[in-house]
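Asker: Sequence plus the predicted model coming up.
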Amino acid sequence: MNILVTGGAGYIGSHTCVALLAAGHSVIIADNLRNSKRETVAKIMQIAVKEVAFYEIDVTDSRAVDEIFMNYKIDGVIHFAGLKAVGESIEMPLDYYYNNIVSTLVLAKACQKFNVNKFVFSSSATVYGDNTVPFVETMDLLPTTNPYGETKSMSERILTDTAKANPSFSVSILRYFNPVGAHESGLIGEAPNGVPNNLMPYVTQVAKRKLEKLRIFGNDYPTVDGTGVRDYIHVVDLAEGHVAALGNLINGVHTYNLGTGKGTSVLELIKAFDQANNIKIPYEISDRRPGDIASCYADASKAKNELGWEARLNIYDMCRDAWRFEKNHK
């Protein structure tokens with residue numbers, strides 16, 4: 001199939017493009033390069049030994065999006081193109097609401113206009129709010145603690161209502177947890193512009209001495225050691241989950257958690273990084289960060305039962321592969 005991957009030059013998008021190409025699909029990438037780099041597209045082709053088409057566009061631009069649909073017979077869309085930092089969304093709510101919601105609207109309208117009925121949406125466990133763990137797809141969604149989570153919840157509703165009005169429209173909503181790690185080649189990985197918002201690239205930059213020490217936001221949560229607990233999933237496993245979702249699309253809306261089902265605290269991750277790479281990470285404890293919750297991990301049994309997918313790689317694989325990429329990355 002010809003698959004349009006929005007945000008395909010980004011961290012999760014690039015790994016998913018590699019997985020799609022390995023599965024025999026053709027890939028068209030649309031990315032505005034706000035949080036990604038053009039050279040990532042070349043690295044995707046280097047890994048896959050296949051060509052991809054690339055459009056440097058903003059997916060909120062309906063004319064630019066329509067042009068792609070006119071130039072290619074698109075069979076399906078995987079929509080990653082969104083801003084994704086919880087803390088930043090609190091500081092820049094209008095940017096988040098505009099970018100994340102308008103891009104979903106534009107793509108849904110283009111799919112209706114050009115009769116494209118396969119849509120995979122990159123959602124987030126943030127939509128569960130401060131619910132009881134483990135998070136299960138059937139839970140009522142709680143008001144989230146940040147605009148980022150609200151944009152994901154609203155986008156889910158937009159796609160659900162679109163599918164109700166158009167019975168042939170098939171949507172897979174993938175709520176994933178905390179992607180970390182990198183491709184085993186070391187060519188692609190998480191390379192944020194500026195100071196990282198996510199934990200693992202911050203850890204690897206401290207290990208590389210680009211940053212002095214890690215700041216841990218809060219050590220008084222009701223968790224195993226007081227630090228936040230998250231379900232870290234290897235980005236390669238996550239990418240393969242998107243391919244599985246695309247291959248199992250049926251009419252209607254189907255929601256899946258993509259996670260390992262196991263929570264790991266910040267301090268446990270730091271210890272695993274030390275054990276995997278023999279590097280001590282200096283850190284300091286700071287105040288809690290607005291919008292964060294104590295614990296977040298998945299019940300991932302539905303994805304296993306319906307998609308035949310489950311995470312294969314463990315926390316040590318994630319730490320090893322993330323550090324390999326950081327050492328290679330300039």
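Answerer: All right, it came through fine.
Asker: what comes into contact with stretch 134-151?
Answerer: 82-90, 93, 96-97, 100-101, 124-132, 152-153, 175, 255-257, 261, 290-293, 296-299, 302 (C-beta atoms under 8 Å, 6 or more residues apart in numbering). For every residue, glycine as well, the C-beta is placed using N, CA and C.
Asker: in it, what counts as buried?
Answerer: 134, 135, 137, 141, 144, 145, 146, 147, 148, 149, 150, 151 (16 or more other C-beta atoms under 10 Å).
Asker: What average pLDDT does that stretch get?
Answerer: Here stretch 134-151 scores 89 as its mean pLDDT.
Asker: any idea how far that stretch is from the chain center?
Answerer: Put simply, stretch 134-151 sits 16 Å off its chain's centre (C-alpha atoms, centre = their mean, to the nearest Å).
Asker: ditto for stretch 68-87
Answerer: With C-alpha atoms, centre = their mean, you get 13 Å for stretch 68-87.
Asker: List the buried residues for that stretch?
Answerer: Within stretch 68-87, the residues that count as buried by 16+ other C-beta under 10 Å are 68-69, 74, 76-86.
Asker: swap in stretch 312-325?
Answerer: Judged by neighbour count (16+ other C-beta under 10 Å), stretch 312-325 contains these buried residues: 313, 314, 315, 317, 318, 319, 320, 321, 322, 323, 324, 325.
Asker: Redo these as TSV? Include secondary structure, pLDDT and distance to residue 248.
Answerer: Formatted as TSV, the buried residues of stretch 312-325 follow (DSSP: H, G, I helix; E, B strand; the rest coil; pLDDT from 0 to 100; distance: C-beta to C-beta, whole Å):
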residue	secondary structure	pLDDT	distance to residue 248
313	coil	97	21
314	coil	97	25
315	helix	97	27
317	helix	98	25
318	helix	97	25
319	helix	98	31
320	helix	98	30
321	helix	98	27
322	helix	97	29
323	helix	97	34
324	helix	97	32
325	helix	96	30
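Asker: Could you check how far residue 44 is from residue 243?
Answerer: 14 Å (C-beta to C-beta, to the nearest Å).
Asker: What of residue 212?
Answerer: 39 Å.
Asker: By residue count, which helix of this protein is the longest?
Answerer: helix 93-113 (DSSP state H).
Asker: pLDDT (mean, whole number) over that helix?
Answerer: On average, helix 93-113 scores 98.
Asker: returning to that earlier point: mind telling me the two of the buried residues of stretch 134-151 farthest from one another?
Answerer: 134 and 147 (24.9 Å; C-beta to C-beta).
Asker: returning to that earlier point: could you pick out which of the buried residues of stretch 68-87 are located in helices?
Answerer: Going by DSSP H, the helices hold 68, 69, 86 from those.
Asker: Which of the buried residues of stretch 312-325 sits closest to residue 184?
Answerer: residue 321 (6.2 Å).
Asker: ok, that closest one touching residue 188?
Answerer: No: between residue 321 and residue 188 there is no contact under C-beta atoms under 8 Å: 10.6 Å.
Asker: quick one: residue 119 and residue 63, what's the gap?
Answerer: Counting by C-beta to C-beta, the gap from residue 119 to residue 63 is 20 Å.
Asker: Could you report the neighbour count for residue 24?
Answerer: 9 (other C-beta atoms under 10 Å).
Asker: Equivalent analysis for residue 158, please.
Answerer: 16.
Asker: about what we covered before: next helix or strand past the longest helix of the chain?
Answerer: strand 118-124 (DSSP states H and E).
Asker: in the stretch 101-250 of the chain, which spans are helices?
Answerer: All helices of the stretch 101-250 of the chain, identified by DSSP state H, counting those that start in this stretch, fall at 147-165, 199-207, 235-247.
Asker: ok, back up a step: what's in contact with the longest helix of the chain?
Answerer: The contact list for helix 93-113 (C-beta under 8 Å, 6+ apart) reads 6, 59-62, 65-66, 69, 77, 79, 81-83, 88-89, 116-117, 119, 121, 147-148, 150-152, 154-155, 158-159, 162, 166, 169.
Asker: Right, I'll call it a day here.
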